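Undergrad: Provided below for reference: sequence and predicted model.
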Amino acid sequence: MILSLCKVQTVNFERLAQGFESSVSTGSSLRRIQRFMADYMLDKDLICRMIYSLLPHKPPYRLIIDRTNWKFGQININILVLSIAYKGISFPLVYRMMPKRGASSINERIEIMEHYIRLFGKDSIKDLLADREFIGEKWFGWLNINAIRYHIRILSNYQVMHALKGKYMNISRLFESLKIGQCKFLAHPYYVTGRICFLSACCFVNDKGRRDLVIIASFDKTRASVKAYKERWQIESLFRALKTSGFNIEKTHLRDMERFEKMLSMVFIAFLWAYLTGMYIHRKIKKIRILKHGRLAKSFFKYGLDYIFEYLYKAYYKQNIDPCKFLSCTE
């Protein structure tokens, strides 16, 4: 399944069956895939532990929580993902299918965090990044009680209360003096959604050409909150890799959420495999070209995926490295 994913780069079953290395017909391979999805009892926690063990860096980790969603016919596919940030991308680890439209509930967020802690422990968490969707009194309270450091963006129209003076005000007033490009860190704590935290903000020009604010609520007082929050975009790079830049998970015709979860676990393994392969080739064999603006012409993920594709289709690529070793822990 994973080999075929890296060949055909789509989750469409008919295409996956065509990518199977087998002497049997494509129809037989298709039935194998269908039986696997219908009958095989895949241990998601085992997949999580495997991915965790193969990560290219060591804990404590910066976690990012976000969701991606789309519609297939009348079915809403809505995935809440907890990932680990690393140098411009994030690695998917724990996820939850939400058979509904819209934002995750506070209970769903807490459950996915508790799932991660059960598997890997609280000590493996450096901090947590999240966008404006991930707010709420119970949610902030759970993070505070568990002493999980966080940097979460909040809406600029929130009413907050100074923790010492007991005075309410609109949060944007605290940062109204900021000019474009300036950042500000408040020394005193405030109550946001009824829970105490520290605030910081940075002023920028949004995509409509207007002055805007990124306001961050943090567990503790730190001048690194805005810089840390900037890494939240790495999960967007992950979602692009899972979709149009990699495996086209939106092309699935699966309606059963259990079967979709199995397919997604396979995609997560293929994603990590491609990244590790690309990183190794860049460092040991041939570096990725650097463009004029200083960025790499390809991501490690795309570099590795392209190599695996060529390796599986063209025999002469096998003279360099065997990428299969990256998933067998022998490299």
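TA: Good, I have the coordinates.
Undergrad: For the rest of this, base every contact and every neighbour count on C-alpha atoms.
TA: Fine.
Undergrad: the helices in the stretch 1-150 of the chain, which residues?
TA: 2-8, 13-18, 26-39, 44-53, 106-120, 137-145 (DSSP state H, counting those that start in this stretch).
Undergrad: Format these as TSV; extra columns: distance to Gly294.
TA: As requested, the helices of the stretch 1-150 of the chain are exported to TSV (distance: least, Cα to Cα, whole Å):
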stretch	distance to Gly294
helix 2-8	28
helix 13-18	36
helix 26-39	43
helix 44-53	30
helix 106-120	36
helix 137-145	38
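Undergrad: got a list of what Val214 touches?
TA: Shown in contact with Val214 (Cα atoms under 8 Å, 6 or more residues apart in numbering): 153-154, 201-204.
Undergrad: One more pass at 7 Å, please.
TA: Val214 is in contact with 153, 201-203, counting by Cα atoms under 7 Å, 6 or more residues apart in numbering.
Undergrad: what pLDDT does it get?
TA: pLDDT for Val214: 95.
Undergrad: Check Lys251 too.
TA: Model confidence at Lys251 (pLDDT) stands at 86.
Undergrad: Likewise for Phe271?
TA: For Phe271, the predicted pLDDT is 96.
Undergrad: Tell me what the residue lying closest to Ser225 once chain neighbours are set aside is bridged to.
TA: What sits nearest to Ser225 in space, not counting adjacent residues and going by Cα to Cα, 6 or more residues apart in numbering, is His151, at 6.1 Å. Under DSSP bridges, the beta-bridge partners of His151 are Leu129, Ser218.
Undergrad: returning to what we had before: so which of the helices of the stretch 1-150 of the chain gets nearest Gln74?
TA: helix 13-18 (20.2 Å; Cα to Cα).
Undergrad: now the closest one: how far from the chain's centre is it?
TA: Offset of helix 13-18 from its chain centre (Cα atoms, centre = their mean, to the nearest Å): 26 Å.
Undergrad: residues of that helix that come out buried?
TA: Using 16 or more other Cα atoms under 10 Å as the test for burial, helix 13-18 gives 13, 15-18.
Undergrad: and what of stretch 70-80?
TA: Under 16+ other Cα under 10 Å, the buried positions of stretch 70-80 are 76-80.
Undergrad: again with stretch 158-178
TA: 160-161, 163, 171-172, 175, 178.
Undergrad: for the stretch 151-300 of the chain, what spans make up the strands?
TA: 159-162, 168-170, 183-185, 190-192, 195-205, 211-218 (DSSP state E, counting those that start in this stretch).
Undergrad: Between the ones you listed, which one is closest to Pro59.
TA: strand 211-218 (20.5 Å).
Undergrad: now the angle from the closest one to helix 137-145?
TA: 50 degrees (axes from the mean of the first three to the mean of the last three Cα atoms, to 10 degrees).
Undergrad: Please tell me how far Asn206 sits from Asn170.
TA: Distance, Asn206 to Asn170, by Cα to Cα, to the nearest Å: 20 Å.
Undergrad: what bits of the stretch 201-331 of the chain have low per-residue confidence?
TA: Counting by pLDDT under 70, the stretch 201-331 of the chain shows low-confidence ranges at 315-320, 328-331.
Undergrad: how about 80 then?
TA: 314-322, 324-331 (pLDDT under 80).
Undergrad: May I see the buried residues of stretch 86-99?
TA: So, applying 16+ other Cα under 10 Å, buried residues of stretch 86-99: 86, 89-98.
Undergrad: just stretch 39-46 next, same as before
TA: Buried-residue list, stretch 39-46, by 16+ other Cα under 10 Å: Lys44.
Undergrad: Could you work out the end-to-end span of that stretch for me?
TA: Start-to-end, stretch 39-46 (Cα to Cα) is 18 Å.
Undergrad: Need the residues that contact it.
TA: Lys262.
Undergrad: what's the answer for stretch 60-73, then?
TA: 76-85, 123-130, 232, 235.
Undergrad: Give me the buried positions along it.
TA: 61-67, 69.
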